[in-house]
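Novice: Sharing a sequence plus its predicted fold:
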Amino acid sequence: MPETPLDHALTYLKSHRTEHLAEVQDFLRIPSVSALSQHKADVAQAASWLASRLKDAGFENARIDATPGNPVVVASSAIRPDRPTVLVYGHYDVQPVDPVSSWNHDPFEPTVENNILYARGASDDKGQVFMQLIAAEAWQKQNALPVNLKFLFEGEEEIGSVHLSQYIREHQAELAADLAVISDTPMYAEGYPAICYGLRGMASMEIAVQGPYQDLHSGVYGGAVMNPAHALAHLIDSLHDASGRVNVAGFYDEVDPLGDEEREAFRRLPFSEKQYQEGVRTPALFGEEGYTVLERIWARPTLEVNGMWSGFTGEGQKTIVPASAHAKITCRLVPHQDPRHVLDAVEAHVKSHLPPGVTLTVKRGEGAPGSITPLDHPAVKAAEKAIESVYHTEASYIRMGGSIPVVVDFQEVLHMPTLLLGFALPDENFHAPNEHFHLENFYRGAETVATLWQYLGDAHV
């Protein structure tokens with residue numbers, strides 16, 4: 001059987017592994033730490049390196065766009081209307097390396113040991129960005145890209161993507177695509193390459209309970225005025241029932257039930273509640289009844305108290321009735337929950353449960369919806385086939401309990417779904433000393449992405 005263009009792309013990747021390893025090490029040597037002002041020139045150097053390398057890969061229109069902060073690197077292939085368009089996102093900035101003494105090697109002198117690449121940014125996210133780049137290059141070398149590709153790489157992800165949302169809003173037409181693909185997530189575990197198809201959103205607020213005009217002597221006034229700390233404790237206790245379910249009217253109104261296919265996909269994953277409990281060193285696990293741990297942290301909404309404070313907390317005794325008490329609250333939201341509706345419901349709840357003798361102030365914070373790409377979406381099916389083709393194992397389907405802000409922008413501004421297809425392992429020390437990336441997954445990840453482009457082109461997403 002004659003070789004196909006995909007065969008040629010994969011052969012290119014396999015035959016250039018030595019060169020690609022040397023190049024990604026050059027990329028990793030640039031200390032592009034966005035959080036530290038002394039590295040601003042290094043961040044700019046990393047952007048320049050990436051734009052130049054995109055041009056070498058055949059994307060001659062690669063350029064660096066300034067923002068009020070660190071630059072954005074963009075590029076695209078020739079756009080053919082009969083092909084689906086994919087927007088590839090990643091970031092070239094990295095976390096600080098402190099404490100340096102905990103590293104076994106210089107964090108910016110990439111080192112390979114036992115087929116593992118050690119360096120800051122190896123897995124988060126420079127290694128995976130370069131993996132995406134060489135997957136595209138493998139097709140460009142034969143002028144046979146089966147999809148239209150656009151690249152969007154930022155230099156501020158590790159400091160909250162401060163200016164990216166505005167950039168996306170100002171460049172909507174240029175960034176328009178049928179699908180976004182991000183490789184900045186982990187596999188489920190070694191041997192379990194994963195498609196992440198859902199993220200939770202966020203809604204936050206701060207509440208303040210005000211009592212007397214100032215702290216009062218508890219011997220003189222205690223028992224005659226409502227203690228704001230007691231009132232706050234009553235409010236916090238009212239937010240959940242004894243089984244862990246959020247006890248706020250309307251909180252679950254927009255929550256879609258988990259489908260049988262999803263629950264079965266979660267059950268197939270190797271997971272030990274005992275090991276999970278031991279990992280967090282807690283005497284027992286707790287959560288909403290009727291759901292497994294993975295279902296609770298990936299696909300159910302939560303309401304958490306992140307902080308509480310009131311009165312005297314110093315050494316010794318100060319016998320007072322405090323004047324006020326405060327709490328910070330966040331809700332993790334599942335797809336289709338509206339952050340505004342959730343905050344409305346929580347605010348109505350705390351106001352209706354406020355004891356007499358105190359007043360309440362509610363300060364709303366930020367909110368962002370969750371996101372989901374249906375399991376039957378052609379992009380998910382294409383990724384499944386690509387993983388099976390390269391790894392010779394079934395793809396795992398996972399969600400993530402956290403949030404990725406850029407996914408919300410893709411969803412709300414560019415109106416496109418996002419496929420999260422990362423190849424790092426969960427224990428590769430992102431943000432910690434001795435960050436690393438298993439080279440087997442670096443190479444296989446590039447081959448999987450190159451294969452994904454073929455299957456997406458075939459499916460015409």
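Specialist: Yep, it's here. Numbers count the residues shown, from 1 in each chain.

Novice: Same question for stretch 385-394: list its buried residues.
Specialist: K385, A386, I387, S389, V390, Y391 (16 or more other Cβ atoms under 10 Å). Quick note: C-beta positions are derived from backbone N, CA and C, even for glycine.

Novice: With the flanking residues excluded, which residue is spatially nearest to the fourth one?
Specialist: Using Cβ to Cβ, 6 or more residues apart in numbering and skipping residues adjacent in sequence, the residue nearest S389 is T451, 5.3 Å away.

Novice: Can you name every helix or strand that the helix or strand that contains that neighbour contacts?
Specialist: Assessed by DSSP states H and E, T451 sits inside helix 439-459. Counting contacts by 3 or more Cβ pairs under 8 Å, 6 or more residues apart in numbering; DSSP states H and E, helix 439-459 packs against helix 5-15, helix 17-28, strand 116-118, helix 126-140, strand 179-182, helix 378-391.

Novice: Show me what the longest one is packed against.
Specialist: Applying 3+ Cβ pairs under 8 Å, 6+ apart, one finds that helix 126-140 contacts helix 5-15, helix 17-28, helix 40-56, strand 85-91, strand 148-154, helix 439-459.

Novice: Return the backbone torsion pair for the residue nearest to the spatial centre of the chain.
Specialist: The chain has I404 as the residue nearest its centroid, 3.7 Å off, counting by Cα atoms, centre = their mean. As for I404, its main-chain torsions (degrees, to the nearest 10) stand at phi -120, psi 100.

Novice: Show the pLDDT at it.
Specialist: pLDDT, I404: 87.

Novice: What of E3?
Specialist: Looking at E3, its pLDDT reads 88.

Novice: and it, how many residues sit next to it?
Specialist: Using other Cβ atoms under 10 Å, E3 has 9 other residues around it.

Novice: any idea how the protein splits into domains?
Specialist: In the assignment given by automatic domain parsing, the structural domains of the chain cover 5-199+370-459, 201-253+301-367.

Novice: Of all these, which one is nearest R281?
Specialist: Comparing the domains of the chain against R281 with Cβ to Cβ, the closest turns out to be domain 5-199+370-459 (17.1 Å).

Novice: quick revisit: what's the residue nearest to the centre of the chain in contact with, if anything?
Specialist: Contacts for I404 (Cβ atoms under 8 Å, 6 or more residues apart in numbering) come out as I182, D184, L199, L420.

Novice: For the residue of the chain positioned farthest from its centre, which residues are in contact?
Specialist: Largest separation from the mean C-alpha position in the chain: V220, at 52.2 Å (Cα atoms, centre = their mean). Contacts for V220 (Cβ under 8 Å, 6+ apart) come out as none.

Novice: distance of it from R17?
Specialist: 78 Å (Cβ to Cβ, to the nearest Å).

Novice: do I297 as well
Specialist: Plainly put, I297 is 36 Å away from R17 if you go by Cβ to Cβ.

Novice: between these two, who's got more neighbours?
Specialist: When I297 is set against R17 and neighbours are counted by other Cβ under 10 Å, the residue ahead is I297, at 18 against 14.

Novice: was I right about the more buried one contacting G401?
Specialist: Yes. Contact criterion Cβ atoms under 8 Å: I297 and G401 qualify, at 4.3 Å.

Novice: Give me the pLDDT for the residue nearest to S389.
Specialist: Among the per-residue scores, T451 holds a pLDDT of 98.

Novice: which of the residues in stretch 26-39 are buried?
Specialist: F27, L28, R29, I30, P31, S32, V33, S34, H39.

Novice: now those residues as JSON lines including pLDDT?
Specialist: Shown next, in JSON lines, are these (pLDDT from 0 to 100):
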{"residue": "F27", "pLDDT": "98"}
{"residue": "L28", "pLDDT": "98"}
{"residue": "R29", "pLDDT": "98"}
{"residue": "I30", "pLDDT": "98"}
{"residue": "P31", "pLDDT": "98"}
{"residue": "S32", "pLDDT": "98"}
{"residue": "V33", "pLDDT": "98"}
{"residue": "S34", "pLDDT": "97"}
{"residue": "H39", "pLDDT": "98"}
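
Novice: and of those, the nearest to A189?
Specialist: Using Cβ to Cβ, those come closest to A189 at L28, 24.6 Å.

Novice: related to what we said a few turns ago, of the helices and strands packed on helix 439-459, which is nearest F151?
Specialist: Proximity to F151 (Cβ to Cβ) singles out helix 126-140 among those, at 7.9 Å.

Novice: what pLDDT, on average, does that closest one get?
Specialist: The average of the pLDDT scores along helix 126-140 is 98.

Novice: Tell me how far that helix lies from the chain's centre.
Specialist: 21 Å (Cα atoms, centre = their mean, to the nearest Å).

Novice: swap in stretch 76-85?
Specialist: The answer for stretch 76-85 is 27 Å, by Cα atoms, centre = their mean.

Novice: Deepest in the core, which of the helices and strands packed on helix 439-459 is it.
Specialist: helix 126-140 (a mean of 26; mean count of other Cβ atoms under 10 Å).

Novice: about what we covered before: pick the most buried one from the domains of the chain.
Specialist: Of all the domains of the chain, domain 5-199+370-459 carries the top mean neighbour count, a mean of 20, counting by mean count of other Cβ under 10 Å.

Novice: now the helices and strands packed on helix 439-459 as JSON lines including distance to R268?
Specialist: Formatted as JSON lines, those follow (distance: least, Cβ to Cβ, whole Å):
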{"stretch": "helix 5-15", "distance to R268": "28"}
{"stretch": "helix 17-28", "distance to R268": "32"}
{"stretch": "strand 116-118", "distance to R268": "28"}
{"stretch": "helix 126-140", "distance to R268": "25"}
{"stretch": "strand 179-182", "distance to R268": "24"}
{"stretch": "helix 378-391", "distance to R268": "14"}
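
Novice: how about these, which one is nearest S352?
Specialist: Nearest of those to S352, taken as Cβ to Cβ: strand 179-182 at 41.1 Å.

Novice: any idea where the helices of the stretch 151-300 of the chain begin and end?
Specialist: For the stretch 151-300 of the chain, applying DSSP state H, counting those that start in this stretch gives helices covering 164-170, 172-175, 218-221, 228-238, 260-267, 273-280, 293-299.

Novice: residues in contact with the last one?
Specialist: What it means is helix 293-299. 198, 200, 258, 262-263, 266, 269, 271, 273, 276, 285, 287-288, 302, 334, 398-401.

Novice: Tell me which of the residues you listed fall in strands.
Specialist: Those of the contacts of helix 293-299 mapping onto strands are G198, T302, I398, R399, M400, per DSSP state E.

Novice: Identify, from those residues, the entry nearest to E440.
Specialist: Distances from E440 to the ones in strands among the contacts of helix 293-299, taken by Cβ to Cβ, are shortest for I398, at 20.1 Å.

Novice: And for that closest one, nearest residue in space, chain neighbours not counted?
Specialist: A194 (4.8 Å).

Novice: Was I right to think that neighbour contacts F266?
Specialist: No. Checked against Cβ under 8 Å, the pair A194 and F266 is beyond contact range at 11.5 Å.

Novice: shared neighbours, the two?
Specialist: Between them, A194 and F266 share the contacting residues Y397, I398, judged by Cβ under 8 Å, 6+ apart.
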